[in-house]
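Undergrad: how would this look folded up:
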Amino acid sequence: MAQIKTVKSKIEKVKVVKEIKVAKPAVETVETKLGQAKYINKNLKISPRKLRLLVTDIKKLDPLTCITRLKFSQTNAGRLLVKCISDAVASAKNNYNLLPASLKFTEFRVDEGMKIKRMDKSHGSRFARGIIQKRHSRLVIVLSGTIQS
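TA: Predicted coordinates:
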């Protein structure tokens, strides 16, 4: 019995030692507020298949490096994407007060837009009954970043 009482008293002493309060640090943490900006272009005159070839590689990077890489691509899709991404970054900066250096793609989607169809009689019954389709794309870019204070 005497041993049990001494063990309990040692446990109580250990508990008292662990209850020492630690002083809070003098440095306060700065809160970063996140915001999103959305860019939609419903009528790009390029087929979605051609546009997706570049978008799959680009959406992993940040927008500012994407613009510099796309300037060196010799395709029509590259030229259109440079305009769209730079418009999205400008609207995020001016309308949503986001820092351009902190922007990242949260969503980069290429969908099928409208189709312009016309008949070509020279094809006759071949090639889908002579119907020629001019495909268009719909582009959705969602950027997220920190809000300027």
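
Undergrad: which stretches of this protein have low pLDDT?
TA: Residue ranges of the chain with pLDDT under 70: 1-31, 123-128.

Undergrad: now the helices for this structure?
TA: The residue ranges that make up the helices of the chain, judged by DSSP state H, are 2-18, 48-58, 63-70, 76-94, 126-129.

Undergrad: and the fourth one, what does it pack onto?
TA: Meaning helix 76-94. Counting by 3 or more CB pairs under 8 Å, 6 or more residues apart in numbering; DSSP states H and E, the packing neighbours recorded for helix 76-94 are strand 34-44, helix 48-58, helix 63-70, strand 131-146. In short, each C-beta sits where N, CA and C put it, glycine included.

Undergrad: Most tightly packed of these?
TA: Stretch with highest mean neighbour count among these: strand 131-146 (a mean of 18; mean count of other CB atoms under 10 Å).

Undergrad: Note down every partner strand of that strand and its orientation.
TA: Paired strands of strand 131-146, with direction, are strand 34-44 (antiparallel), strand 104-119 (antiparallel) (DSSP bridges).

Undergrad: Reformat those strands as TSV; add distance to residue 91.
TA: Conversion of the strands paired with strand 131-146 to TSV gives the following (distance: least, CB to CB, whole Å):
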stretch	distance to residue 91
strand 34-44	6
strand 104-119	14
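
Undergrad: Please name the residues that touch residue 118.
TA: Residue 118 makes contact with 131, 132, 134 under the criterion CB atoms under 8 Å, 6 or more residues apart in numbering.

Undergrad: before we move on, what about residue 84?
TA: When contacts are counted by CB under 8 Å, 6+ apart, residue 84 touches 39, 41, 44, 139, 141.

Undergrad: follow-up on the earlier one: which of the strands paired with strand 131-146 sits closest to residue 56?
TA: Of all the strands paired with strand 131-146, strand 104-119 sits nearest to residue 56, with 9.1 Å by CB to CB.

Undergrad: got the angle between that closest one and helix 48-58?
TA: Inter-element angle recorded for strand 104-119 and helix 48-58: 170 degrees (by axes from the mean of the first three to the mean of the last three CA atoms, to 10 degrees).

Undergrad: angle of strand 104-119 against helix 63-70?
TA: Note on geometry: by the same axes, to 10 degrees, strand 104-119 and helix 63-70 are set 50 degrees apart in direction.
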